[in-house]
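# take a look and give me a structure for this.
(one chain, ligands or ions: 2)
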Amino acid sequence: MSSVEIAHLCKRYDSVTALDDVSIAFEDGEFFGLLGPSGSGKTTLLRALAGFVIPDSGTISFDGQRVENVPVHRREIGMVFQNYALFPHLTVNENIAFGLSVRGRPREETAKRVDAMLGLVRLEGLGERKPRQLSGGQQQRVALARALVTDPKILLLDEPLGALDRRLRQEMQVELREIQRSTGITAVFVTHDQEEALTLSDRIAIIDRGRLIQVGPPRDVYERPETVFAAQFLGDANLFQGIAEGDRLKLSGGQILHTNGPNTGSVVVRPEKIGVYPAGTAPATDNRLDGDILQAIFSGASVTYRVRVPALGETPLLAFLQNQAGDVLAPATRVSLAWSAAHTIPVAS
Ligand code: ADP
Ligand code: MG
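Numbers count the residues shown, from 1 in each chain. Ligands and ions are numbered 1, 2, ... in the order given. Here you go, the predicted structure:
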């Protein structure tokens, strides 16, 4: 059991605020995905946990003990970077053993532990190779084994799959998650890939300009974004703005949308929540708008429609439909859009 907690962490570089009052308690054994645009402070947060960055203020505690002044090598963290950072002149075995060797562990214990790690990351038989004799995916497994060998309190992963191609990346996602589950280690995983964060994480956090925007299980954050930024960063979102009237939103054209609880003038609707029907055939639902198809993007299993809706002005509405009936509505078709108030989510702007 280990608990890792950060509270009110701040870090500035000259005019840049890299971390702005960040507080998170990582749960024991959870896989925590940290998601945000480039430059939002993800790496700085991991480096602060690891001890490479000294925060200006705020606290970091491991098992209730403050560690801000504990040096990197005494923090009991494991870290994996995008660019592997293996020692090129050492063998796979020696790379994995590194953390134990520097701690002066007995040779026999080290050899046993390295073997166990090779098994864990499925690299049996490759221990005598040099990193350059391995594929990218294999090198990343060595990096993972090297990070786990010392049995750290927390595993920090900074875009570890970013350099891999799509197919391999998906394989490694599954494997990484299995290894994390089987070891029960708490992991903080940085990615800029939304789908990767949604698929892998027990909880995700969205970070923007050093501030945590929202933290929660992937489905909660996706279905109940609290801000326009969170809604638009995590998946696609149609944004409607107008005059708030309790549980209703009055659009500039006078149309009324029924919203999921009181709004303050901005609501979002996910594209897959919107039904698209030939004009006049939409079923009775809470919300209806008319428009014209601008574009139908066919991608096999699904069709994404871009629809011109006078109520939205120049910004097309996005609607995402499963390709169930096999029909695709052509551009310029007049359509009715229909969706429920439950999927019309009030957000802060
Ligand atoms: P991310 O990993 O989300 O892309 P970073 O944590 O690397 O973002 O950076 C956050 C912000 O802090 C960026 O604006 C970056 O330029 C700045 N920054 C990070 N490290 C340093 C540093 N050592 N010196 C100056 N600015 C830095
Ligand atoms: Mg980074």
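# give the buried residues for stretch 159-166.
159-164 (16 or more other C-beta atoms under 10 Å). From N, CA and C alone the C-beta is placed, and that goes for glycine too.
# out of those residues, the closest to ligand 1 would be?
residue 159 (8.1 Å; C-beta to the nearest ligand atom).
# surely residue 9 meets residue 61?
No. If you go by C-beta atoms under 8 Å, residue 9 and residue 61 don't touch, sitting 11.2 Å apart.
# the two - which one has more neighbours?
residue 9 (27 against 15; other C-beta atoms under 10 Å).
# need the contact list for that one.
Shown in contact with residue 9 (C-beta atoms under 8 Å, 6 or more residues apart in numbering): 19, 21-23, 45, 48, 55, 57-60.
# can you say which of the residues you listed are buried?
19, 22, 45, 48, 55, 58, 60.
# need those in JSON lines (columns: pLDDT, distance to ligand 1 and secondary structure).
Below are those laid out as JSON lines (pLDDT from 0 to 100; distance: C-beta to the nearest ligand atom, whole Å; DSSP: H, G, I helix; E, B strand; the rest coil):
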{"residue": "19", "pLDDT": "98", "distance to ligand 1": "8", "secondary structure": "strand"}
{"residue": "22", "pLDDT": "98", "distance to ligand 1": "11", "secondary structure": "strand"}
{"residue": "45", "pLDDT": "97", "distance to ligand 1": "7", "secondary structure": "helix"}
{"residue": "48", "pLDDT": "96", "distance to ligand 1": "9", "secondary structure": "helix"}
{"residue": "55", "pLDDT": "96", "distance to ligand 1": "12", "secondary structure": "coil"}
{"residue": "58", "pLDDT": "97", "distance to ligand 1": "15", "secondary structure": "strand"}
{"residue": "60", "pLDDT": "97", "distance to ligand 1": "16", "secondary structure": "strand"}
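# hmm, back to that, the buried residues of stretch 159-166 in helices, which ones?
Applying DSSP state H to the buried residues of stretch 159-166, no entry is found in helices.
# who's the closest residue to residue 66 other than its chain neighbours bridged to?
Distance criterion C-beta to C-beta, 6 or more residues apart in numbering; nearest residue to residue 66, sequence neighbours excluded, is residue 59 at 5.8 Å. On the basis of DSSP bridges, residue 59 takes part in beta bridges with residue 7.
# mind listing the strands for the stretch 201-349 of the chain?
Secondary structure of the stretch 201-349 of the chain, counting by DSSP state E, counting those that start in this stretch: strands at 203-208, 211-216, 238-241, 243-245, 248-250, 256-258, 266-269, 275-278, 287-298, 302-308, 317-322, 334-339, 345-346.
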